[in-house]
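**Q** One predicted model, sequence on top.
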Amino acid sequence: MDYILSPSILSADFANLGADVKEAVKAGAKWVHIDVMDGMFVPNISLGLPVIKSLRKETEALFDVHLMIEEPGRYIDDFAEAGADLITLHAEATKHLHRAIQQVKAKGLKVGVALNPATPLSALDYVLEELDMVLIMTVNPGYGGQSYIAKMDDKIKELRAIINEKGLDIDIEVDGGISAKNVAHVKECGANVFVAGSAVFNGDIASSAKDILEAMDNIKKQIDYKKILSIILVMVFMITFNNNVYAAELDNMQHNDQAYVLNSFSGNNLESISVRF
Ligand code: DX5
Ligand code: ZN
């Protein structure tokens with residue numbers, strides 16, 4: 001499974017969009033998250049087709065287009081033409097969700113379905129197998145800079161369990177309130193694509209993106225560390241048995257002038273281990 005940072009350009013400087021996006025991509029972001037809002041499905045209006053078309057010339061990174069618009073099926077062809085690689089539709093905004101999913105697939109694009117915080121996972125019951133990605137909204141859609149809704153931990157965990165149980169290869173993207181502080185935790189819950197808007201673009205873009213990527217990687221290092229530790233423990237256990245150690249008197253510590261002397265028994269042999277201070 002790939003772990004991906006998808007910076008949301010909603011918090012970028014629109015007068016400097018190309019350069020901002022290039023900086024985030026150079027720092028290690030593989031996707032670019034593009035929030036399209038229509039002022040109907042969500043209260044806010046953001047950006048649309050011409051912006052995506054212009055931005056397409058600036059980078060080859062995957063365009064992860066999050067449509068927060070009513071009946072997105074009406075615009076699939078247009079977003080495909082503008083340069084989207086992955087289109088995510090909201091289950092709540094799409095009357096004929098199954099049909100709209102097929103429309104995206106027919107364009108040869110990856111397809112995702114987004115769920116608002118209050119929408120249950122059961123909304124995906126009859127379409128999950130069709131999807132490349134599920135977007136779990138971890139804030140109510142419409143604005144950047146909101147706080148992560150902690151209750152979404154359970155939703156992410158449940159979804160990852162369902163995907164694993166069915167043996168599917170589906171990304172779980174989380175969107176809203178993600179930063180270097182909580183990305184490792186959300187990853188542990190089961191997410192693997194992380195949208196971050198304000199945490200990337202409200203400050204130094206390159207170092208903010210790197211901070212998030214590092215926090216994502218730390219978990220990997222911890223898992224490796226645990227693996228290495230358990231291998232060492234198994235080896236120590238086996239060596240101990242092979243050496244036929246019957247008793248060890250670890251409490252037999254004596255103190256002399258320069259050192260503590262730890263006397264232990266290995267088989268019938270007395271061994272002394274000095275620890276100098
Ligand atoms: C909210 C958008 C998000 C938003 C995230 O409706 O879908 O992509 O940009 O912003 P942050 O990361 O600041 O919460
Ligand atoms: Zn979004």
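**A** Yep, that arrived. Residues are numbered from 1 along each chain as shown. Ligands and ions are numbered 1, 2, ... in the order given.
**Q** and stretch 16-25, does that touch ligand 1?
**A** No. Stretch 16-25 does not reach ligand 1 (Cβ under 6 Å from any ligand atom); its nearest approach is 12.5 Å. Quick note: C-beta positions are derived from backbone N, CA and C, even for glycine.
**Q** Just the C-alphas of that stretch, formatted as CSV.
**A** Coordinates of each C-alpha in stretch 16-25 appear next as CSV, following Å, rounded to 0.1, in the frame of the first residue of the first chain:
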residue,chain,number,x,y,z
ASN,A,16,0.9,32.0,-7.2
LEU,A,17,-0.8,28.7,-7.7
GLY,A,18,1.6,27.0,-10.1
ALA,A,19,4.7,27.8,-8.0
ASP,A,20,3.0,26.8,-4.8
VAL,A,21,2.0,23.4,-6.2
LYS,A,22,5.4,22.8,-7.7
GLU,A,23,7.0,23.5,-4.4
ALA,A,24,4.7,21.0,-2.6
VAL,A,25,5.4,18.3,-5.3
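**Q** What are the buried residues along that stretch?
**A** Residues 17, 20-21, 23-25 are the ones in stretch 16-25 that count as buried (16 or more other Cβ atoms under 10 Å).
**Q** of all the residues in the stretch 51-200 of the chain, which ones are close to ligand 2?
**A** Contact residues, the stretch 51-200 of the chain versus ligand 2 (Cβ under 5 Å from the ion): 66, 175.
**Q** Okay, strands next: where are they in this structure?
**A** 4-7, 31-37, 62-68, 86-90, 110-115, 133-137, 171-175, 193-196, 253-255, 259-266, 269-276 (DSSP state E).
**Q** related to what we said a few turns ago, now render the buried residues of stretch 16-25 as TSV, adding pLDDT and distance to Leu5.
**A** TSV is the format used below for the buried residues of stretch 16-25 (pLDDT from 0 to 100; distance: Cβ to Cβ, whole Å):
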residue	pLDDT	distance to Leu5
Leu17	98	18
Asp20	98	14
Val21	98	13
Glu23	98	13
Ala24	98	8
Val25	98	10
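**Q** Taking these, tell me the two that lie furthest apart.
**A** Greatest spacing in the buried residues of stretch 16-25, by Cβ to Cβ: Leu17 and Val25 (12.4 Å).
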